[in-house]
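>>> The sequence isn't on hand, but the structure is:
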């Protein structure tokens, strides 16, 4: 194997870090390989990726030991500007990496600054746009594109420089499922058709692992390069199909449903699902939505939507981007004004003011960590409780959310995952009976999802109820008692979760497609 | 209209506003800007920017009149009298209040109208052309500074959106969102803005947009020396008339240093363009004439050759009206026929600003 990049005994610490972010890393990246970089949040994945284009340590500062070589360049000493020609990088946020207005201008900008002759520039830009299948968007303004399209423009801009190594740092984490699929398919096609060496950090592994030559596992600053099947044999966040096979002790471990059927068909046919627990008997009605309609100008976001939520229920709100999920939650909490319909809390009309509504129906929008501003976690929770009638005492809230150990820490110094948890807790610290969560697992790793699932179960057990708008079907199957799918602002179905995600349901889970009667790997008798 | 043409127009507007004290000229100029603003293309975001600039300009207009009212003591036509107060000696013993005269109000209104015209001119300009287009137009020597400004402009809408979202989050937590909640609103927005700026800068670095090649010390020295030389030249020219030749020499040296700095930076920072803005011949001519007129206005003002100035303190006369004085303001209407003839085509694929996609 010809190595295009090598990392030799590299340790690295951020200027403000407590300890090393990477420890004694040794690794070679073979030319033409497709490697998925996986591991828990804050484990060092992004830091590892930035070694290859010199951003670590040139942009971040800090102390580095060892040597990183990329296509013969010493990455720590070659200016990042120069290294960009060899190692192109795409970041998470499509908004925070574009400078031009039009797609074509964005793809050409770096080439223009390098005084690339126009004919060559034209050829490179055309090639990059074609490779990402966005040739038809070349005249479009970036502000009119979807998130998936914008990320593909960012990849095209990196590709136009002709890199030999493509680095992608969670390029799909800010996108919905559809946008993520488009971007990841585009990356896979680039690798397949051009043989471009690719390192991709991602949490959504089910689509990527079947395509990967290697998995680079980064955890606690330690880095190991593994075969994908060896990786899924021990990784908590492995795709559901692999976890099911692990549970049934099947060997080799499949990465796709097709592999599972082809290799282990008889064993899966013999697998038995545990008897489903009796459906919870819902308590009193907490929330009722009747004939809700909502429009943004001429765009009808919701049309005649009905919804009832009772004590002990967790409702998964599903649907593609633009189907009206967020609009429904915002209307319930008073942030969007419906055109028609009624919203009732405990059979009474919902109050008008947002603060009063959120006292009963606590809403956690996307990226709630944006509003954290207090010096400690305890103060942040206390800030939410101040002035809330009937709110519990601060210490009790900290204990209930599991923050006693970090109560005195500054939220800004926590890892992204911890900060997100604190933000969710701050929005719900006053213990509203109804929780409304909008995409709470976006960018979350397996432990973060498990934490949130446990909180939702506790809440339901105490007689609360929740609506979780999500694209994450596996998480929905894990926490929901019911599933409501919206399509173009209308309810497409409202079913018990075991019917919605079951084999004959409208959204069968991967496990349900393999084992009759099961939805999650844990439902199958080992 | 091309970016160059818009730049030429805003140069004419700015030069006209800054070289006149004639209320007629300023009124005509403001009317011309308003007409061009109505006809000019702009995104929804730029429309918001125009409204903000209009409010800011009107605020400064009112402030200018208010400042004139409390800093009285000039003029003879007393309109009303404010209570008198004097600032402490360590503040120069400035007298505040007293007789408010028609002359001081007129002078304050003229100063406010100048500021309003300049602000509105730039608001129309920035709405009509993108930050990226301005960056492409910037000379190589100013590329890095232009890049920083462009990044700032690119991040502005996201920061405004952040502030809205933080207000919502505060409301959802039952916390005040009005003036009392301002510190809790501003701090996360600033932190978020800084964080986003860092991520943007990192992305730019990773994509090879970083700083241009270093220039030699002599070029940097020329760039640094140009500004003090030009300031010194202006000071000598206006305040030491007996040795104006020294001022002229300093001005020539400063301008030379500036040109050398720009030329050497451009020589080292070569750029190419994938596409070149189409500019019809007639527009090219008109834009060049507009730019030349702006330069001529400034030169004429410096030389004291401009007619039609207005001094309300010289007996509060009616402002002079002459065709020559109002000509630059009327000339600021020149984009109208071009905007009517060649309206900017809307970018394919939908509106300039994406409709809300809440889910």
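Looks like it came in fine. Model, not experiment: these values are computed from the prediction. Numbering: from 1, shown residues only, chains lettered A, B, ... in the order given.
>>> C-alpha from now on. contacts and neighbour counts both.
Will do.
>>> Show me what the strand ranked longest in chain B pairs with in its sheet, parallel or antiparallel.
Counting residues, the longest strand in chain B under DSSP state E turns out to be strand B:78-86. Strands that pair with strand B:78-86, judged by DSSP bridges, come out as strand B:95-101 (antiparallel).
>>> what does the strand it pairs with rub up against?
Strand B:95-101 is contacted by residues B:69-87 when judged by C-alpha atoms under 8 Å, 6 or more residues apart in numbering or on different chains.
>>> 10 Å - rerun?
Here strand B:95-101 makes contact (C-alpha atoms under 10 Å, 6 or more residues apart in numbering or on different chains) with B:67-88, B:313.
>>> all helices of the stretch 151-300 of chain B, in order?
Ranges of helices within the stretch 151-300 of chain B are B:182-206, B:217-239, B:244-268, B:281-303, based on DSSP state H, counting those that start in this stretch.
>>> buried sites along the first one?
Right, helix B:182-206. With burial defined by 16 or more other C-alpha atoms under 10 Å in any protein chain shown, the residues of helix B:182-206 counted as buried are B:184-189, B:191-193, B:196-197, B:199-206.
>>> So which elements touch that helix?
Other helices and strands packing on helix B:182-206, by 3 or more C-alpha pairs under 10 Å, 6 or more residues apart in numbering or on different chains; DSSP states H and E, are helix A:55-58, helix A:80-83, strand A:87-90, helix B:143-172.
>>> which one of these is the most hemmed in?
Using mean count of other C-alpha atoms under 10 Å in any protein chain shown, the stretch among these with the largest mean neighbour count is strand A:87-90, at a mean of 28.
>>> near chain B at all, that strand?
Yes - if you take C-alpha under 10 Å from any C-alpha of the partner chain as the test, strand A:87-90 does meet chain B, through A:87, A:88, A:89, A:90.
>>> Excluding chain neighbours, what is closest to the first one?
Which is residue A:87. Closest residue to residue A:87 apart from its sequence neighbours, by C-alpha to C-alpha, 6 or more residues apart in numbering or on different chains: residue A:165 at 4.7 Å.
>>> beta partners of the one you found?
On the basis of DSSP bridges, residue A:165 is bridged to residue A:87, residue A:197.
>>> That one contacts residue A:32, correct?
Yes - taking C-alpha atoms under 10 Å as the definition, residue A:165 is a contact partner of residue A:32 at 8.6 Å.
>>> what is in contact with the two at once?
Shared contacts of residue A:165 and residue A:32, defined by C-alpha under 10 Å, 6+ apart, are found at A:4, A:196, A:197, A:198.
>>> okay, these in CSV with neighbour count next?
Putting the shared contacts of residue A:165 and residue A:32 into CSV (neighbours: other C-alpha atoms under 10 Å in any protein chain shown) gives the following:
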residue, neighbour count
A:4, 18
A:196, 21
A:197, 23
A:198, 26
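>>> Buried residues of the helix or strand harbouring residue B:127, list them for me.
Element membership for residue B:127, per DSSP states H and E: helix B:102-128. In terms of neighbour count (16+ other C-alpha under 10 Å), helix B:102-128 has its buried residues at B:102-128.
>>> out of residue A:165 and residue A:32, which sits in the busier spot?
Between residue A:165 and residue A:32, counted using other C-alpha atoms under 10 Å in any protein chain shown, the more crowded position is residue A:165 (27 against 20).
>>> Tell me the secondary structure at residue A:300.
strand (DSSP: H, G, I helix; E, B strand; the rest coil).
>>> Who are the contact partners of it?
By C-alpha under 10 Å, 6+ apart, residue A:300 lies in contact with A:293, A:294, A:323, A:324, A:339, A:488, A:489.
>>> what's the distance between it and residue A:117?
If you measure residue A:300 against residue A:117 using C-alpha to C-alpha, to the nearest Å, the figure is 48 Å.
>>> Could you do residue A:408 as well?
The gap separating residue A:408 from residue A:117 is 58 Å, by C-alpha to C-alpha.
>>> so residue A:493 bridges to which residues?
Beta-bridge partners of residue A:493, as defined by DSSP bridges: residue A:485.
>>> Give me the neighbour count for it.
14.
>>> can you list the weak-confidence ranges in chain A?
Scanning chain A for pLDDT under 70 picks out A:1, A:279, A:387, A:389-392.
>>> Just want the most central residue of it.
Nearest to the mean C-alpha position of chain A, counting by C-alpha atoms, centre = their mean, stands residue A:443 at 2.7 Å.
>>> So it: helix, strand or coil?
On the three-state scheme (three-state DSSP), residue A:443 is labelled coil.
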